[in-house]
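Asks: coords below, sequence missing:
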């Protein structure tokens, strides 16, 4: 169960969020959810990759430039 004394999900400690996710995973089959997480992690991971430029002589970052 989740405590109801938080006004926002963002204020809830990560340990509570992780416990809630663990409880949900125990009760439901979340293959779709797991696939979604894997895709989200892959998108996040690809932001920092470096790729060769078409000319082949320089490296160019792929993804967002912050």
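Replies: Structure received. Bear in mind the structure is a predicted one, so any value in this text is a computation, not a measurement. Numbers count the residues shown, from 1 in each chain.
Asks: Give me the neighbour count for residue 15.
Replies: Per other Cβ atoms under 10 Å, the neighbour tally for residue 15 reads 8. (C-beta placed from N, C-alpha, C; glycine too.)
Asks: Mind pulling up the pLDDT for it?
Replies: For residue 15, the pLDDT comes out at 86.
Asks: Regarding residue 24, which helix or strand does it belong to?
Replies: helix 14-27 (DSSP states H and E).
Asks: same deal with residue 36?
Replies: Going by DSSP H and E, residue 36 is part of helix 31-46.
Asks: So for that helix, mean pLDDT?
Replies: For helix 31-46, the per-residue pLDDT averages 69.
Asks: and residue 19, what does it touch?
Replies: Contact analysis of residue 19 by Cβ atoms under 8 Å, 6 or more residues apart in numbering lists nothing.
Asks: what about residue 28, distance to residue 21?
Replies: To residue 21, residue 28 is 11 Å away according to Cβ to Cβ, to the nearest Å.
Asks: Show me which of the two is the more surrounded one.
Replies: Set side by side, residue 28 and residue 21 show more neighbours around residue 21, with 13 against 9, by other Cβ under 10 Å.
Asks: Look at the more buried one and report its pLDDT.
Replies: Per the predicted model, pLDDT is 77 at residue 21.
Asks: Backbone dihedrals for residue 28, please?
Replies: Per-residue torsions, residue 28: phi -130, psi 150 (degrees, to the nearest 10).
Asks: and it, what pLDDT?
Replies: pLDDT, residue 28: 76.
Asks: same deal with residue 52?
Replies: At residue 52, the predicted lDDT confidence score is 49.
Asks: for residue 7, same thing?
Replies: For residue 7, pLDDT reads 78.
Asks: What of residue 57?
Replies: At residue 57, pLDDT is 50.
Asks: Based on its surroundings, how many neighbours for residue 20?
Replies: Around residue 20 there are 14 other residues, counting by other Cβ under 10 Å.
Asks: now swap in the one 4 residues further on and tell me
Replies: Neighbouring residues of residue 24 were enumerated by other Cβ under 10 Å; the total is 11.
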